[in-house]
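> predicted structure and sequence below. I'll ask about it afterward.
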Amino acid sequence: MGTLITGQAATYVEEIWVNTTERYEIRCITNEVQRIVHESGIKDGLVLVNPMHITASCYVNDLESGLHHDIMKWLEKIAPYHGQDGATGDEYHHHRTGEDNGDAHLKRQLLGQQVTMAVHDGRLHLGTWEQIHYAEFDGCRDKRILIKVVGVI
């Protein structure tokens with residue numbers, strides 16, 4: 001049997017900014033998201049974590065450097081940076097626009113755009129090894145991540 005949580009409905013929005021030192025980078029942002037959930041005052045609900053850029057991703061997985069390496073290696077195999085489509089060997093058509101980040105757009109599609117996590121008792125309701133990560137595929141510049149908490153206070 002479930003638990004009914006009642007209270008006044010509320011939303012809270014904050015953006016965090018990142019600027020990676022590398023073109024590709026994975027960064028754990030769980031603590032920053034938890035800080036925002038706490039500041040929101042929302043006790044039960046959901047939090048949306050959305051990178052506001054089409055060459056970055058937010059996802060949930062284990063916080064382990066070997067896994068980060070494996071994820072980047074896997075993504076590079078499927079969507080290599082060197083300007084070639086891994087499936088056909090042709091140059092990315094996106095590069096015809098003057099851009100050089102066709103791979104970054106594809107890598108974002110593979111890891112997904114955003115995550116939605118449960119909030120319970122004013123904290124992220126994470127599984128044992130779950131951590132929220134920001135993955136950058138076209139870095140070295142300022143980018144923002146939207147954090148929106150919705151629920152009851």
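Everything's here; your move.

> so residue 80 makes contact with residue 104?
No - the pair residue 80 and residue 104 fails to qualify as a contact (CB atoms under 8 Å) at a distance of 11.4 Å. Placement of C-beta: from N, CA and C, glycine included.

> mind checking the SS state of the most centrally placed residue in the chain?
Nearest to the geometric centre of the chain sits residue 58, at 1.0 Å (CA atoms, centre = their mean). Taking DSSP: H, G, I helix; E, B strand; the rest coil as the rule, one finds residue 58 in the strand state.

> that one touches residue 115, doesn't it?
Yes - the pair residue 58 / residue 115 is scored as a contact, 5.1 Å apart, by CB under 8 Å.

> any common contacting residues for those two?
Here residue 58 and residue 115 have 49, 132 as joint contacts, going by CB atoms under 8 Å, 6 or more residues apart in numbering.

> and the contacts of the longest helix anywhere in the chain?
For the chain, the longest helix by residue count, based on DSSP state H, is helix 65-78. Under the contact criterion CB under 8 Å, 6+ apart, helix 65-78 has outside partners 24, 26, 61, 86, 103, 106-107, 110-111, 133, 135, 137.

> 10 Å - rerun?
Applying CB atoms under 10 Å, 6 or more residues apart in numbering, the external contacts of helix 65-78 come out as 24-28, 57, 59, 61-62, 64, 81-82, 85-87, 103-104, 106-111, 133, 135, 137.

> what residues sit buried inside it?
For helix 65-78, the neighbour count (16 or more other CB atoms under 10 Å) marks 68, 71-72, 75-76 as buried.

> can you list the residues you listed in a markdown table and add distance to residue 35 and pLDDT?
Conversion of the buried residues of helix 65-78 to a markdown table gives the following (distance: CB to CB, whole Å; pLDDT from 0 to 100):
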| residue | distance to residue 35 | pLDDT |
| --- | --- | --- |
| 68 | 22 | 96 |
| 71 | 25 | 97 |
| 72 | 27 | 96 |
| 75 | 29 | 96 |
| 76 | 32 | 94 |
